[in-house]
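Enquirer: the following comprises the amino acid sequence and a computationally predicted model.
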Amino acid sequence: MSEDYKIKLENVTKEYDLYQSKNDKLKTFFSLKKRHEVPHFWSLKGISLEVHQGEALGIIGVNGSGKSTISNIISGIIPQTTGFVDVKGDTSIVAISAGLKWSLTGLENIRLKGLMQGLTFEEIAAVREDIIEFADIGDFINQPVKDYSSGMRSRLGFAIAVHINPDILIIDEALSVGDDTFYQKCLKKIQEFKKEGKTIVFVSHSLKQVEMLCDRVAWIHFGELREIGDTKKTVNDYRKFSSDFKKVTSAERSKYQKDKKQLQLDFDIDAYEKSIVQKEQEDHGTSEHEAARKVHKNFYSEVLPTKMTTLTKWLIGVAAVIMVFFALVTVSGHSITKSISDPSVLMHPTYTKTQNKAQQFK
Ligand SMILES: Nc1ncnc2c1ncn2[C@@H]1O[C@H](COP(=O)(O)OP(=O)(O)OP(=O)(O)O)[C@@H](O)[C@H]1O
């Protein structure tokens, strides 16, 4: 892979823990046992791809294959579990389900997204009218977004995203709602973006839209990159898979999906890391130790731990015990040395001076 990229993903995985309830989540968080007891699902099983400046990359795949997970990782909405992610520039995501704050009005959302993108108040004011005109939602701009129809939300989300001037535009199923006039307006805007040399990631189930807009396409299949390359070839291969899949019996279809999902449940991250180490050794002739060190660094250095390690849990436990001890020492009125030599005194507080005096006059 070259360094001349706008977006780079290398061996990216995403794991979700499948907790039965919030209680289970809390228990696992504080548990000192290994968390392997919780079933977990690997939404991405190691994705590597690059998107270049001025390129429009389409992402296609069946429902639940991991397309939105990828677009959300690129946008910085969710972190990857392992792997290297580098995005050079400001991203703006347009997704049916992401971006807008429902309790705020349309106008407040324009301000919020503008500020989040790093625009000044003057810059926001300069594009505000264009956004309102593009979104075409009339007086609703002063209403909370929760009162909008899904089409209105989508129009506003798209209008904001394309007017706050991002380097990278990520469009996740945003064109599937809204009427034809708005759709044509969006297509025109995306084409303008392309002409300006901006980078686009386009997630869609509409193969026609993908063919019209994308220079290359990545086909994601049950968490894996099944194919990436020329739009026509990749889309045709995907069409062939879909039509072949429709021809088999529904029992065969369910079995195929069930088996694929099972592989996502059984995915072994350590074995995957080892396979990358092996490839690194073969490709660069490095020693196993050196390859393992390099791969491990790229695999985990980017990722903030989302779970407490056992050591952290122990340290928090010890800190809690010390805090409780000092609280009891203070309340009991005994000295620290006495409390350490005979902790049972903590259960028998000393009398205060006033109480002692009161005792004398009894
Ligand atoms: N928060 C979560 N917890 C558990 N599993 C999740 C979570 N978010 C996504 N998943 C699972 O990860 C897999 C990929 O989801 P994702 O939304 O990325 O797929 P998709 O290709 O965008 O699907 P669609 O085409 O239906 O939008 C799915 O099996 C989904 O159930």
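Expert: That came through, no problem.
Enquirer: C-alpha only now, for contacts and for neighbours.
Expert: Noted.
Enquirer: low-confidence ranges, the protein, go.
Expert: 1-3, 19-22, 24-37, 92-98, 176-178, 301-310, 351-362 (pLDDT under 70).
Enquirer: how about the strands in it?
Expert: Along the chain, the stretches classed as strands by DSSP state E are 7-17, 40-51, 56-60, 82-87, 91-95, 168-172, 199-203, 216-221, 224-230.
Enquirer: pairing partners for the longest one, with directions?
Expert: For strand 40-51, the pairing partners within the sheet under DSSP bridges are strand 7-17 (antiparallel).
Enquirer: re the thing from before, in JSON lines: the strands of the chain, plus distance to residue 145 and mean neighbour count.
Expert: JSON lines is the format used below for the strands of the chain (distance: least, CA to CA, whole Å; neighbours: other CA atoms under 10 Å):
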{"stretch": "strand 7-17", "distance to residue 145": "30", "mean neighbour count": "19"}
{"stretch": "strand 40-51", "distance to residue 145": "30", "mean neighbour count": "20"}
{"stretch": "strand 56-60", "distance to residue 145": "28", "mean neighbour count": "27"}
{"stretch": "strand 82-87", "distance to residue 145": "30", "mean neighbour count": "21"}
{"stretch": "strand 91-95", "distance to residue 145": "15", "mean neighbour count": "25"}
{"stretch": "strand 168-172", "distance to residue 145": "19", "mean neighbour count": "25"}
{"stretch": "strand 199-203", "distance to residue 145": "24", "mean neighbour count": "26"}
{"stretch": "strand 216-221", "distance to residue 145": "32", "mean neighbour count": "22"}
{"stretch": "strand 224-230", "distance to residue 145": "36", "mean neighbour count": "17"}
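Enquirer: any idea which of those gets closest to residue 146?
Expert: Closest to residue 146 of the strands of the chain, according to CA to CA: strand 91-95, at 15.7 Å.
Enquirer: enumerate the residues of the stretch 1-150 of the chain near the ligand.
Expert: Contact residues, the stretch 1-150 of the chain versus the ligand (CA under 6 Å from any ligand atom): 16, 43, 62-69.
Enquirer: mind checking which of those are in helices?
Expert: 67-69 (DSSP state H).
Enquirer: most neighbours out of those residues, which is it?
Expert: residue 67 (27 neighbours; other CA atoms under 10 Å).
Enquirer: and the gap between that one and residue 148?
Expert: 26 Å (CA to CA, to the nearest Å).
Enquirer: that older thread, and the two most separated of the residues of the stretch 1-150 of the chain next to the ligand?
Expert: By the measure CA to CA, 16 and 62 form the most distant pair in those, at 19.0 Å.
Enquirer: include distance to residue 220 when you put the ones in helices among the residues of the stretch 1-150 of the chain next to the ligand into a markdown table, please.
Expert: Listed next are those as a markdown table, based on distance: CA to CA, whole Å:
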| residue | distance to residue 220 |
| --- | --- |
| 67 | 7 |
| 68 | 10 |
| 69 | 11 |
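Enquirer: for residue 211, which non-adjacent residue is closest in space?
Expert: residue 231 (6.3 Å; CA to CA, 6 or more residues apart in numbering).
Enquirer: report how many residues lie close to the one you found.
Expert: Using other CA under 10 Å: residue 231 sits among 21 other residues.
Enquirer: I figured it hits residue 212, correct?
Expert: No: between residue 231 and residue 212 there is no contact under CA atoms under 8 Å: 9.3 Å.
Enquirer: hey, C-alpha coordinates of the helix ranked longest in the chain in CSV?
Expert: Ranked by residue count under DSSP H, the longest helix found in the chain is helix 310-332. C-alpha atoms of helix 310-332 as CSV (Å, rounded to 0.1, in the frame of the first residue of the first chain):
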residue,chain,number,x,y,z
THR,A,310,-7.5,-7.1,35.1
LEU,A,311,-4.6,-5.1,36.6
THR,A,312,-6.7,-1.9,36.4
LYS,A,313,-9.6,-3.7,38.1
TRP,A,314,-7.3,-4.9,40.9
LEU,A,315,-5.9,-1.4,41.3
ILE,A,316,-9.3,0.2,41.5
GLY,A,317,-10.3,-2.5,44.1
VAL,A,318,-7.3,-1.7,46.2
ALA,A,319,-7.9,2.0,46.0
ALA,A,320,-11.6,1.5,47.0
VAL,A,321,-10.5,-0.6,50.1
ILE,A,322,-8.0,2.1,51.1
MET,A,323,-10.6,4.8,50.8
VAL,A,324,-13.1,2.9,52.9
PHE,A,325,-10.4,2.2,55.5
PHE,A,326,-9.6,6.0,55.9
ALA,A,327,-13.3,6.9,56.0
LEU,A,328,-13.7,4.4,58.9
VAL,A,329,-10.6,5.7,60.6
THR,A,330,-12.0,9.3,60.4
VAL,A,331,-15.5,8.3,61.6
SER,A,332,-14.2,6.0,64.4
